[in-house]
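Engineer: A predicted structure for the sequence below; I have some questions about it.
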Amino acid sequence: MGLQAEPEAIPGDWRKRATTLRRHGATEAEIAFLQHQRIELNAMTSRQLIDFITGKLTVNGVTKLIPAADILKQHARRLLEQQLAAAAIAELKPQISKQVEAQHLPSKLRDRIASILQKTPETPWDVALAEALGVTKSGRARG
């Protein structure tokens, strides 16, 4: 691949490491190379790395995973549910928008958020806003 090697001092018993490399299919030339140098994966460009990994997966017969039938059915139903929910919400959107516009917002909303953030500075501002509005995690206003 034309990647630049860098020197590497290998600590420990090299014979054990060489035995392990052989067991995992390294050639004698690769083992000799690795005894004194290395090439980091980040020496590759992104395209080289992707092509290298894709090539190895292909050579080893790895293909796309298609889940088991029960998982496919479960996910298919979830996708259909999301599609139907989006269609239902689209129909209700104008009515919802009118109701939202008619809602009274609390006075001094910024001050309420600042007060919440002063007590719990780790709280994100949008969570503090929800709290100031009395909106629960389900999205419904309390009270």
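Structural biologist: That came in fine, so what should we check first?

Engineer: ok, Glu40 to Ala5 distance?
Structural biologist: Counting by Cβ to Cβ, to the nearest Å, the gap from Glu40 to Ala5 is 9 Å. Yep, even glycine has a C-beta here, placed from its N, CA and C like the rest.

Engineer: settle it for me: which of the two has more neighbours?
Structural biologist: Ala5 (13 against 10; other Cβ atoms under 10 Å).

Engineer: residues in contact with the residue nearest to that one when sequence neighbours are not counted?
Structural biologist: Excluding its sequence neighbours, the residue lying closest to Ala5 (Cβ to Cβ, 6 or more residues apart in numbering) is Gln37, at 4.4 Å. By Cβ atoms under 8 Å, 6 or more residues apart in numbering, the residues touching Gln37 are 5-8.

Engineer: closest to Trp14 among those residues?
Structural biologist: If you rank the contacts of Gln37 by distance to Trp14 using Cβ to Cβ, Glu8 comes first, at 11.4 Å.

Engineer: count the residues that sit near Ile113.
Structural biologist: So Ile113, with other Cβ under 10 Å, has 20 neighbours.

Engineer: what of Ala132?
Structural biologist: Neighbours around Ala132, by other Cβ under 10 Å: 19.

Engineer: from Leu109, how far out is it?
Structural biologist: Distance from Ala132 to Leu109, by Cβ to Cβ: 6 Å.

Engineer: rewinding a little: quick check: phi and psi on the residue nearest to Ala5?
Structural biologist: phi -150, psi 170 (degrees, to the nearest 10).

Engineer: quick one: the strands in the chain?
Structural biologist: 6-7, 37-38 (DSSP state E).

Engineer: pLDDT (mean, whole number) over the first one?
Structural biologist: In other words, strand 6-7. Average pLDDT, strand 6-7: 88.

Engineer: ok, now stretch 129-143?
Structural biologist: 75.

Engineer: avg pLDDT for the longest helix along the chain?
Structural biologist: The residue-count maximum for a helix in the chain (DSSP state H) belongs to helix 69-102. Average pLDDT, helix 69-102: 96.
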